[in-house]
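Engineer: next one to model:
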Amino acid sequence: MTQMLQDKHIVITGASRGIGLAIAQLFAQHGATLYLLGQSQQTLDSLCDDLSQQFSAQCHAFVADVSDPHSVKQAFNQIFKLNKSLDVLVNNAGVLDDALLGMVNQTQIESTFATNSFSILYTSQYASRLMQRAGGGSIINLASIIGKVGNAGQAVYAGSKAAVIGITLSLAKELAAKQIRVNAIAPGFINTDMTSHLSADITQQRIDSIAMERMGEAKDVANTALYLASDLSAYVTGQVIGVDGGMLI
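Structural biologist: Predicted structure coming up:
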């Protein structure tokens, strides 16, 4: 198998489960050196051990709260000590906290936007500086189909993911001259922990709205991230790629 990410140094946030885990596994398989950010040192260390054993991948783990700019700074300072440049940043960390409008509170709003939206600005600041040392790079932001079309009971989540799209498009314009590409992936109904709590009836309703008549898998999103991280997308920037099986057709 051709390794599409050989010699590339890549940061992935929220790497310990779901889509982030699938991306980490696929990128390790393709020869990347990984810097994984998450909330549990034990979980991340175990993941790095697994990736090293399965794919002989170089992997480093850092506990970081991406909603906290100081925590992000500390993590990137540690990454800088290990390697003075960076090729790819995957902003995957996110939270989903549903509530109808009348039940939304300030803490929920601030926490959701801090994790889903503000974090992208914090990480991209440091990552873009390291990418300039490499002569360019790729920033991949995880948005959501909900950020494009909205959904009842998800005004806060939808707003935070719409912000991801706006940030992506703005950074793409700002960083293009530095050969840093910025794109977003907007997953649809994906089989992860975030959707596992839904009832069978609601799950089936969602599937019925998908043209391809199935839920997506985390690997489907990871494959798109692989394309955006690799040199195959060297002339692609400012795009929001839907991975939704045709929910918007």
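
Engineer: any idea which residue of this structure is furthest from its center?
Structural biologist: Of all residues in the chain, Gly102 has its C-alpha farthest from the mean position, at 29.8 Å, by Cα atoms, centre = their mean.

Engineer: roughly how far does it sit from Ala152?
Structural biologist: Computed with Cβ to Cβ, to the nearest Å, the distance linking Gly102 and Ala152 is 12 Å. Where you see a C-beta, it was placed from the backbone N, CA and C, and this is true even at glycine.

Engineer: likewise for Thr43?
Structural biologist: Distance of Thr43 to Ala152, computed by Cβ to Cβ: 33 Å.

Engineer: same question for Glu110.
Structural biologist: Counting by Cβ to Cβ, the gap from Glu110 to Ala152 is 22 Å.

Engineer: if you count what's nearby, which of those two comes out ahead?
Structural biologist: The neighbour count for Glu110 versus Ala152, taken as other Cβ atoms under 10 Å, is higher for Glu110 (13 against 9).

Engineer: run through the strands of the chain in chain order.
Structural biologist: Assigned by DSSP state E, the strands in the chain fall at 9-13, 33-38, 59-63, 88-91, 137-142, 180-187, 240-243.

Engineer: what lies in contact with stretch 63-71?
Structural biologist: 13-14, 37-41, 44, 72, 74-75, 91, 93, 111, 114-115, 118-119, 122-123 (Cβ atoms under 8 Å, 6 or more residues apart in numbering).

Engineer: can you give me the end-to-end distance of that stretch?
Structural biologist: The first residue of stretch 63-71 is 9 Å away from its last residue (Cα to Cα, to the nearest Å).

Engineer: report the mean confidence score over that stretch.
Structural biologist: Across stretch 63-71, the average pLDDT comes to 98.

Engineer: for stretch 139-158, measure first residue to last.
Structural biologist: Across stretch 139-158, the terminal residues are separated by 21 Å (Cα to Cα).

Engineer: which residues touch the nearest residue to Lys161 once chain neighbours are set aside?
Structural biologist: Using Cβ to Cβ, 6 or more residues apart in numbering and skipping residues adjacent in sequence, the residue nearest Lys161 is Gly147, 2.9 Å away. Contact partners of Gly147, counting by Cβ under 8 Å, 6+ apart, are 158-165, 186.

Engineer: in TSV: the residues you listed, plus neighbour count, distance to Ala176 and pLDDT.
Structural biologist: Listed next are the contacts of Gly147 as TSV, based on neighbours: other Cβ atoms under 10 Å; distance: Cβ to Cβ, whole Å; pLDDT from 0 to 100:
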residue	neighbour count	distance to Ala176	pLDDT
Ala158	19	28	95
Gly159	17	26	97
Ser160	27	25	97
Lys161	27	23	98
Ala162	18	22	98
Ala163	18	20	98
Val164	24	18	98
Ile165	17	17	98
Ala186	26	21	97
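
Engineer: mind putting the residues you listed in TSV, distance to Lys178 included?
Structural biologist: Converted to TSV, those look like this (distance: Cβ to Cβ, whole Å):
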residue	distance to Lys178
Ala158	31
Gly159	29
Ser160	27
Lys161	26
Ala162	26
Ala163	23
Val164	21
Ile165	21
Ala186	25
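
Engineer: which of those lies closest to Ala22?
Structural biologist: Of all those, Ala22 sits closest to Ala186, with 16.2 Å by Cβ to Cβ.

Engineer: my guess is that closest one contacts Gln239, does it?
Structural biologist: No: under the criterion of Cβ atoms under 8 Å, Ala186 makes no contact with Gln239, lying 10.1 Å away.

Engineer: hang on, the earlier thing: right, so the strands of the chain: which one is the most enclosed?
Structural biologist: strand 88-91 (a mean of 29; mean count of other Cβ atoms under 10 Å).

Engineer: now for that strand, which elements pack on it?
Structural biologist: Under the contact definition 3 or more Cβ pairs under 8 Å, 6 or more residues apart in numbering; DSSP states H and E, strand 88-91 sits against strand 9-13, helix 119-134, strand 137-142, helix 218-229.
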